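Student: How does the following fold in three dimensions:
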Amino acid sequence: MSDKSKININLGGLSLTLIFMVLKLSGCVTWPWWVVLCPVWIPMVTIFLLLAIAIMIAVLSEVL
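Tutor: Okay, here's the model as predicted:
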């Protein structure tokens, strides 16, 4: 994967967040803020959960 495609993926989430924020602040949507910020926190939560699962598997494989 080239560097340009990685940048485009990251900017896609940022762009979607900015669009949602503009819609929320302009009153076009009445979504709660946690929905508006989903493009930011969903990837972070996913990475955290995968990391936690990997750590648990590593610890349990050493114990057993």
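
Student: Give me the below-cutoff pLDDT ranges for this structure.
Tutor: 1-12 (pLDDT under 70).

Student: Report the buried residues of the lengthiest helix in it.
Tutor: In the chain, taking DSSP state H as the definition, the longest helix is helix 38-63. For helix 38-63, the neighbour count (16 or more other Cβ atoms under 10 Å) marks 38, 39 as buried. All C-beta atoms are positioned from the backbone trio N, CA, C, and that covers glycine.

Student: Same check on stretch 20-40?
Tutor: 20, 24, 36, 38, 39.

Student: hmm, which two among these are most spread apart?
Tutor: 24 and 39 (12.7 Å; Cβ to Cβ).

Student: Not counting sequence-adjacent ones, nearest residue to the most centrally placed residue in the chain?
Tutor: Geometric centre of the chain, nearest residue: residue 43, 2.2 Å, by Cα atoms, centre = their mean. Closest residue to residue 43 apart from its sequence neighbours, by Cβ to Cβ, 6 or more residues apart in numbering: residue 13 at 6.7 Å.

Student: downstream neighbour of the helix or strand where that neighbour lies in the secondary structure list?
Tutor: Per DSSP states H and E: residue 13 is located in helix 3-26. Where DSSP H and E defines the elements, the next helix or strand beyond helix 3-26 is helix 33-36.

Student: and that following helix, how far from the chain's centre?
Tutor: Helix 33-36 sits 12 Å away from the centroid of its parent chain (Cα atoms, centre = their mean, to the nearest Å).

Student: Can you name every helix or strand that it contacts?
Tutor: Helices and strands touching helix 33-36, by 3 or more Cβ pairs under 8 Å, 6 or more residues apart in numbering; DSSP states H and E, are helix 3-26.

Student: Next, find the distance separating residue 20 from residue 47.
Tutor: Distance, residue 20 to residue 47, using Cβ to Cβ, to the nearest Å: 21 Å.

Student: do the same with residue 29
Tutor: Residue 29 sits 27 Å away from residue 47, going by Cβ to Cβ.

Student: cool, and residue 60?
Tutor: Going from residue 60 to residue 47 by Cβ to Cβ gives 20 Å.
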